[in-house]
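Engineer: Generate a structure from the sequence data that follows.
(2 chains)
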Amino acid sequence: MEAIFIIATGALVAMTCALLGSFLLLRKMAMLGDAISHAVLPGIVLAFMISGSRDNFSMLIGASLAGLLVTLLIELLHKKIHLQEDASIGISFTWLFAIGVILISAYTEQVDLDQDCVLYGEIAYVPFDLIYFSGGELFFPRATIISGLLFLLTLGFVLVAYKGLKITSFNSDYAKSLGISTLAWHLVFMSMVSITTVLSFEIVGAILIVALLVVPPATAYLLTKRLKQMLLLALIFALLSAIGGYYLAVLLDASIAGAMVSLAGFFFLLALIFSRLRSRSLKVDAYLNE
Amino acid sequence: MNDVWAFFSFSDPTVRIVSLGTVFLAMSASVVGTFAFLRKRALVGDAIAHAILPGIAIAFMLSGTKNPVVLMMGALISGWLATWAMEYITEKTKLSNDTAVALVLSVFFGIGIMLLTHIQHSGSGNQSGLDQYLFGKAAGMTEQDLWTYSVVAVLLLTVVLSLYKELKVYSFNPDFAAVSGLPVKAIRRILNLVTVLAIAIGIQSVGVVLMAALLITPAAAARAWTSSLKIMLILAALIGGISGLSGSLISYLSPAMPTGPWIVMTLSIITLLSLFFAPKRGALSRLLKQRRHSQKILNENLLKVFYKLSVERKLEQVGLSVDQLQAERAINKSDFAAAIRRLKRKNWLLAEGEKLKLSSIGLVEAKRVVRLHRLWEMYLSQRLNLKEDHIHPNAESMEHIISPELEALLLKELDFPTQDPHNSPIPYAN
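Structural biologist: Sure thing, here's the model as predicted:
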């Protein structure tokens, strides 16, 4: 039973990330996920210090504010101060992360929070935090419920907003010329990414969120040119990584989240080899036809 | 205060080792980071720092020791592999560079976490301390570490000095470097190698995440102050060194404080201040420059209005009221009042009661602007064969930019015309 809960939670988080990550990749913002996931640290610590409790709601608010802050800081450095984009990202999130670590060190007595749990979370603890339904007969882990709701929300968002997301991701200039507010789409999309990052970091850890956002979509991207197929393939790879990763972790007695990412990386490697072979054989065909 | 003196006397051997060590580390990282910054590959350092983890874990699993040299070899190999993977993915697939960076970063790190937890759970007892590579621990520096850092720093300096020209050309324009016959691949390999080296020695002290800051942030600060690579390298190293020193000072004064994050904190503050306040390239000086330009444009536009009304409509003797001027050109009220104040201060305008007049030097200046406008219209219509109704908007912006040298050329080219394409006279100074 515990295994099912862990796999279900991991798969739900991974599939949510796969959907959003596909658009993140198409928008060439892959590193922004990395930046947000690091920068939420000071927000979480401050929320924890102010509210004095580890309840989810205040942490969510703190983390969302910090996530918003880092995107604004990157925009400010890049657009207003004309610093190149990669450096703007690098400076912003490392600075906020350093502030977070300093806050943790300064208030170690008050703050029962360590960097480890924020950075790589522990999906193995999922089955211990249960919520009971209908008088205690039916129960689910809290994390599974949260990630399930998050997945449904994201799936609904992508289905409803599919056209707008597609057009603003592929060609924002064209979208603008059609009178679509690309800024509004950007903000809505980034809030979805922030919410997902913040809600999932407790489950799989901040850094491994980045992997789930990037790796399955990149794998799918190598195999197809159609957005619908890409989304579907990304979902499949996310699901396979979550299931296989759990058993790999059990086999090695290692971090489940780490194993899920390693497996996702393995799938990417296979896709890479496959796409290289295919492009080579296409070249050979073209040569023979000439 | 006494504590500060105690720190800077460096009589405590631990202080000496830790502060010197962090300074060497930060300076090495700043120098290699400058090249990464110029190649617009600043985040590659972040990826390499994360990618070192599996190398350290595998080196430990294979050797069973925590010998720093063995672990360093593992770190170098996996860092090198990650660099290669990022370049391969960027070059050979349709994935963009930032996706390749994020991908390699997270996959290597995931594998690293998996192996590290595997080692910790298998618990042979001597594995503790491996996680210092994750978060860094500057206070644990030994004399041996210090020696390693100084050797690496000297090595880096030698590489940079002896290959300065090649690195410079390659960083600014790799295509040009390749066309000029430079061994681009070899240069890239050497640059990658020193970058991996600087990161591998650094993460022990500042940790995986903050290592990226040590590479990127000093370069960004230095870039705000200078356009010369030499000065930029020296400045970046200085800023890195100062931050390293202040990080260890803070951690010495208040032992609960971690060194690495405070190095990054100092670095970030120096960098933000530089980005805002540096002369020429800073945000503030750019803002001031923009303001000066828009004021100049406003002044000159106002002078044109004066010229039109007073000379061409012969209202010179009566003087002009503010209402008359505003009716002629739509400028918002406060800007308008400010421009009039500025022109009065320059003595280009004279006030007679409520009315305003151009002074003689104001008239010269007004004639200049009108002349430039009409000369440019002349040029556009005669040399570029543009229709008369298309030339005015372009001349509206060019009149503020044309330099005296360009004016002389235009006059010569057009042979001192007396009328513009709309048959208005072109005014000359005398």
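Engineer: Could you use CA atoms for every contact and neighbour count after this?
Structural biologist: Fine.
Engineer: Only alpha carbons, please: show stretch A:165-185 as CSV.
Structural biologist: Taking C-alpha atoms only, stretch A:165-185 is exported to CSV below (Å, rounded to 0.1, in the frame of the first residue of the first chain):
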residue,chain,number,x,y,z
LEU,A,165,-0.3,28.5,-24.7
LYS,A,166,0.6,27.0,-28.1
ILE,A,167,0.6,30.2,-30.0
THR,A,168,2.4,32.4,-27.4
SER,A,169,5.0,29.7,-26.9
PHE,A,170,5.9,29.1,-30.5
ASN,A,171,5.7,32.6,-31.9
SER,A,172,5.1,35.4,-29.4
ASP,A,173,5.5,38.1,-32.1
TYR,A,174,2.8,36.5,-34.2
ALA,A,175,0.6,36.2,-31.1
LYS,A,176,1.1,39.9,-30.3
SER,A,177,0.2,40.9,-33.9
LEU,A,178,-3.1,39.0,-33.5
GLY,A,179,-3.8,41.2,-30.4
ILE,A,180,-3.1,38.4,-27.8
SER,A,181,-1.7,39.8,-24.6
THR,A,182,1.5,37.8,-24.4
LEU,A,183,2.4,39.4,-21.0
ALA,A,184,-0.8,38.1,-19.5
TRP,A,185,-0.2,34.6,-20.8
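Engineer: Indicate whether it makes contact with chain B.
Structural biologist: No - contact of stretch A:165-185 with chain B (CA under 8 Å from any CA of the partner chain) is absent, the minimum separation being 13.9 Å.
Engineer: ok, A:H82 - contacts?
Structural biologist: Neighbour list for A:H82: empty [criterion: CA atoms under 8 Å, 6 or more residues apart in numbering or on different chains].
Engineer: for it, phi and psi?
Structural biologist: phi 60, psi 30 (degrees, to the nearest 10).
Engineer: State the pLDDT value of it.
Structural biologist: As predicted, A:H82 sits at a pLDDT of 88.
Engineer: how close does it sit to A:S172?
Structural biologist: 21 Å (CA to CA, to the nearest Å).
Engineer: can you check B:T142 too?
Structural biologist: Separation of B:T142 from A:S172 (CA to CA): 54 Å.
Engineer: and the two? which has more neighbours close in?
Structural biologist: Per other CA atoms under 10 Å in any protein chain shown, whichever of B:T142 and A:S172 has more neighbours is A:S172, with 18 against 15.
Engineer: Would you confirm that the more buried one contacts A:T182?
Structural biologist: Yes - the pair A:S172 / A:T182 is scored as a contact, 6.6 Å apart, by CA atoms under 8 Å.
Engineer: what's the weakest-modelled helix or strand in the chain?
Structural biologist: Picked chain A for this. Here the helix or strand of chain A ranked lowest by mean pLDDT, DSSP states H and E is helix A:115-120, holding a mean of 57.
Engineer: wait, I meant chain B there
Structural biologist: Of chain B's SSEs (mean pLDDT, DSSP H and E), minimum confidence goes to helix B:132-135, a mean of 71.
Engineer: Report the next helix or strand after it in sequence order.
Structural biologist: As assigned by DSSP states H and E, the chain's next helix or strand after helix B:132-135 is helix B:143-162.
Engineer: How about that following helix, which residues are buried there?
Structural biologist: Within helix B:143-162, the residues that count as buried by 16 or more other CA atoms under 10 Å in any protein chain shown are B:D145, B:L146, B:T148, B:Y149, B:S150, B:V152, B:A153, B:L156, B:L157, B:V160.
Engineer: and that helix, how far from the chain's centre?
Structural biologist: 27 Å (CA atoms, centre = their mean, to the nearest Å).
Engineer: Break chain B down into its structural domains.
Structural biologist: Listed by automatic domain parsing, the domain ranges of chain B are B:2-281, B:285-358, B:363-414.
Engineer: just the buried residues of helix B:143-162 now: which is nearest B:R41?
Structural biologist: B:V160 (18.0 Å; CA to CA).
Engineer: check contacts around that closest one.
Structural biologist: Applying CA under 8 Å, 6+ apart to B:V160 gives the contacts B:L167.
Engineer: Now do the same for B:A351: helix, strand or coil?
Structural biologist: Three-state assignment for B:A351 (DSSP: H, G, I helix; E, B strand; the rest coil): strand.
Engineer: Pull up the per-residue confidence for the residue in the stretch 1-150 of chain A that chain B sits nearest to.
Structural biologist: Residue nearest to chain B within the stretch 1-150 of chain A (CA to the nearest CA): A:A98, separated by 4.5 Å. A:A98 is assigned a pLDDT of 91 by the prediction.
Engineer: What's the mean pLDDT across the helix or strand encompassing B:I52?
Structural biologist: Take DSSP H and E as the rule and B:I52 turns out to sit in helix B:44-63. If you average the pLDDT over helix B:44-63, you get 91.
Engineer: do stretch B:15-27 as well
Structural biologist: For stretch B:15-27, the per-residue pLDDT averages 89.
Engineer: do it and chain A meet at all?
Structural biologist: No - against chain A, stretch B:15-27 shows no contacts by CA under 8 Å from any CA, the least distance being 14.9 Å.
Engineer: which residues sit against that stretch?
Structural biologist: Contact with stretch B:15-27 is made by B:7, B:10, B:138-139, B:141-143, B:145-146, B:149-150, B:153, B:198, B:201-202, B:205, B:214, B:236-238, B:240-245, B:248-249, B:252, as judged by CA under 8 Å, 6+ apart.
Engineer: Distance from the chain centre to stretch A:238-253, please.
Structural biologist: 18 Å.
Engineer: Mind listing residues that contact that stretch?
Structural biologist: A:6-7, A:10-12, A:14-15, A:18, A:212, A:216, A:255-257, A:259-264, B:114, B:117-118, B:121-122.
Engineer: Swap in 7 Å and give it another go.
Structural biologist: Residues from elsewhere that reach stretch A:238-253 (CA atoms under 7 Å, 6 or more residues apart in numbering or on different chains): A:7, A:10-11, A:14-15, A:18, A:216, A:255-256, A:259-260, A:263-264, B:118, B:121.
Engineer: any low-confidence regions in the stretch 151-290 of chain A?
Structural biologist: A:206-207 (pLDDT under 70).
Engineer: Alongside chain B, which residues does it contribute?
Structural biologist: Proximity of the stretch 151-290 of chain A to chain B, by CA under 7 Å from any CA of the partner chain, involves residues A:208, A:210-211, A:214-215, A:252-255, A:258-259, A:261-262, A:265.
Engineer: how about the closest residue to chain A within the stretch 151-300 of chain B, what does it touch?
Structural biologist: Nearest residue of the stretch 151-300 of chain B to chain A: B:P261, at 4.5 Å (CA to the nearest CA). Each residue near B:P261 by CA under 7 Å, 6+ apart is listed here: A:A98, A:V101, A:I102.
Engineer: any idea which element the residue nearest to the second one when sequence neighbours are not counted lies in?
Structural biologist: So that's A:V101. Excluding its sequence neighbours, the residue lying closest to A:V101 (CA to CA, 6 or more residues apart in numbering or on different chains) is B:P261, at 6.6 Å. Here B:P261, judged by DSSP H and E, is contained in helix B:259-277.
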